[in-house]
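1. Provided below for reference: sequence and predicted model.
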Amino acid sequence: MNKKISTFKELIEEKEKLQATLQLQKQAIHNNLTELKTEIKPVLKAFNFLKQITSRNKENFLINSAVDLGTDLITKTGLLKKLSWPLRLALPFLIKNVSANFIAKKKEAAVEKP
(Lines give C-alpha, C1' and ligand atoms only; values in the text may rest on other atoms or scores of the structure.)
Protein backbone atom coordinates (compact mmCIF):
# COMPACT_ATOMS: atom_id res chain seq x y z
CA MET A 1 0.00 0.00 0.00
CA ASN A 2 2.95 2.31 0.63
CA LYS A 3 4.34 1.49 -2.80
CA LYS A 4 4.33 4.47 -5.13
CA ILE A 5 2.20 3.92 -8.22
CA SER A 6 3.69 5.41 -11.36
CA THR A 7 1.84 3.74 -14.24
CA PHE A 8 -1.73 2.94 -15.11
CA LYS A 9 -0.91 -0.78 -15.16
CA GLU A 10 0.35 -0.62 -11.57
CA LEU A 11 -2.84 1.21 -10.61
CA ILE A 12 -4.98 -1.56 -12.13
CA GLU A 13 -2.89 -4.24 -10.40
CA GLU A 14 -3.18 -2.46 -7.05
CA LYS A 15 -6.94 -2.13 -7.53
CA GLU A 16 -7.29 -5.85 -8.30
CA LYS A 17 -5.13 -6.72 -5.30
CA LEU A 18 -7.24 -4.53 -3.02
CA GLN A 19 -10.47 -6.00 -4.39
CA ALA A 20 -9.16 -9.52 -3.80
CA THR A 21 -8.19 -8.55 -0.25
CA LEU A 22 -11.65 -7.05 0.25
CA GLN A 23 -13.33 -10.27 -0.95
CA LEU A 24 -11.18 -12.34 1.42
CA GLN A 25 -12.09 -10.08 4.33
CA LYS A 26 -15.78 -10.22 3.44
CA GLN A 27 -15.61 -14.02 3.33
CA ALA A 28 -13.79 -14.09 6.69
CA ILE A 29 -16.48 -11.86 8.24
CA HIS A 30 -19.21 -14.05 6.78
CA ASN A 31 -17.54 -17.18 8.18
CA ASN A 32 -17.15 -15.55 11.59
CA LEU A 33 -20.82 -14.55 11.66
CA THR A 34 -21.90 -18.04 10.67
CA GLU A 35 -19.74 -19.53 13.40
CA LEU A 36 -21.10 -17.04 15.93
CA LYS A 37 -24.68 -17.92 14.99
CA THR A 38 -24.03 -21.62 15.57
CA GLU A 39 -22.31 -20.95 18.89
CA ILE A 40 -25.09 -18.69 20.16
CA LYS A 41 -27.97 -21.08 19.36
CA PRO A 42 -27.97 -22.71 22.85
CA VAL A 43 -28.16 -19.28 24.48
CA LEU A 44 -31.10 -18.30 22.27
CA LYS A 45 -32.86 -21.54 23.13
CA ALA A 46 -32.37 -20.81 26.84
CA PHE A 47 -33.79 -17.30 26.40
CA ASN A 48 -36.78 -18.68 24.50
CA PHE A 49 -37.38 -21.17 27.31
CA LEU A 50 -37.22 -18.41 29.92
CA LYS A 51 -39.58 -16.31 27.81
CA GLN A 52 -41.99 -19.23 27.60
CA ILE A 53 -41.94 -19.65 31.38
CA THR A 54 -42.31 -15.97 32.27
CA SER A 55 -44.84 -14.82 29.67
CA ARG A 56 -47.80 -16.31 27.90
CA ASN A 57 -49.28 -16.09 24.45
CA LYS A 58 -51.90 -13.33 24.63
CA GLU A 59 -53.41 -13.92 21.20
CA ASN A 60 -56.21 -16.24 22.29
CA PHE A 61 -58.33 -15.19 25.24
CA LEU A 62 -60.31 -18.43 25.32
CA ILE A 63 -57.22 -20.60 25.63
CA ASN A 64 -55.82 -18.41 28.40
CA SER A 65 -59.14 -18.44 30.26
CA ALA A 66 -59.43 -22.21 30.02
CA VAL A 67 -55.84 -22.67 31.17
CA ASP A 68 -56.42 -20.29 34.10
CA LEU A 69 -59.55 -22.13 35.12
CA GLY A 70 -57.93 -25.55 34.83
CA THR A 71 -54.82 -24.50 36.72
CA ASP A 72 -56.89 -22.87 39.46
CA LEU A 73 -58.98 -26.02 39.83
CA ILE A 74 -55.89 -28.20 40.06
CA THR A 75 -53.97 -25.98 42.46
CA LYS A 76 -56.89 -25.05 44.71
CA THR A 77 -58.06 -28.63 45.21
CA GLY A 78 -55.08 -29.45 47.34
CA LEU A 79 -52.29 -30.67 45.12
CA LEU A 80 -50.05 -27.83 46.24
CA LYS A 81 -51.08 -27.63 49.88
CA LYS A 82 -48.05 -29.52 51.15
CA LEU A 83 -45.56 -27.26 49.37
CA SER A 84 -43.92 -24.24 50.93
CA TRP A 85 -45.58 -20.87 50.38
CA PRO A 86 -43.05 -19.56 47.79
CA LEU A 87 -43.68 -22.63 45.65
CA ARG A 88 -47.44 -22.34 46.13
CA LEU A 89 -47.15 -18.75 44.93
CA ALA A 90 -44.85 -19.34 41.95
CA LEU A 91 -45.96 -22.73 40.66
CA PRO A 92 -49.46 -21.73 39.43
CA PHE A 93 -47.92 -18.78 37.58
CA LEU A 94 -45.37 -21.03 35.87
CA ILE A 95 -47.94 -23.73 35.10
CA LYS A 96 -50.31 -21.20 33.53
CA ASN A 97 -47.62 -19.68 31.34
CA VAL A 98 -46.07 -22.94 30.18
CA SER A 99 -49.40 -24.64 29.50
CA ALA A 100 -50.85 -21.62 27.67
CA ASN A 101 -47.79 -21.44 25.43
CA PHE A 102 -47.83 -25.22 24.89
CA ILE A 103 -51.51 -25.27 23.95
CA ALA A 104 -51.12 -22.24 21.67
CA LYS A 105 -48.19 -23.92 19.91
CA LYS A 106 -50.15 -27.15 19.48
CA LYS A 107 -53.16 -25.19 18.23
CA GLU A 108 -51.03 -23.50 15.58
CA ALA A 109 -49.64 -26.86 14.48
CA ALA A 110 -53.13 -28.37 14.31
CA VAL A 111 -54.46 -25.45 12.29
CA GLU A 112 -51.58 -25.66 9.80
CA LYS A 113 -52.24 -29.34 9.07
CA PRO A 114 -55.10 -29.71 6.57
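-> All right, it came through fine.
2. now do the longest helix along the chain: which elements does it pack against?
-> Counting residues, the longest helix found in the chain (DSSP state H) is helix 8-54. With contacts taken as 3 or more CB pairs under 8 Å, 6 or more residues apart in numbering; DSSP states H and E, helix 8-54 sits against helix 85-112. All C-beta spots, glycine's among them, are computed from the backbone N, C-alpha and C.
3. between the longest helix of the chain and helix 85-112, how big is the angle?
-> 120 degrees (axes from the mean of the first three to the mean of the last three CA atoms, to 10 degrees).
4. what is the subsequent helix or strand relative to helix 8-54?
-> The helix or strand immediately downstream of helix 8-54 is helix 61-74, counting by DSSP states H and E.
5. buried stuff in that next one?
-> 63, 64, 67, 71 (16 or more other CB atoms under 10 Å).
6. the last one and residue 50: what is the separation?
-> Between residue 71 and residue 50 the computed distance is 20 Å (CB to CB, to the nearest Å).
7. then the first one?
-> Counting by CB to CB, the gap from residue 63 to residue 50 is 21 Å.
8. next one: residue 88
-> For residue 88 relative to residue 50 (CB to CB), the value is 22 Å.
9. again, but for residue 61
-> 24 Å.
10. one more: residue 5?
-> Computed as CB to CB, the residue 5 to residue 50 distance reads 57 Å.
11. could you do residue 72 as well?
-> Distance, residue 72 to residue 50, using CB to CB: 24 Å.
12. how long is stretch 73-90 from one end to the other?
-> Chord length of stretch 73-90, first to last residue, is 16 Å (CA to CA, to the nearest Å).
13. show me what the mean pLDDT comes to for that stretch.
-> What stretch 73-90 shows for mean pLDDT is 80.
14. for that stretch, buried residues please.
-> With the criterion 16+ other CB under 10 Å, stretch 73-90 contains buried residues 75, 80.
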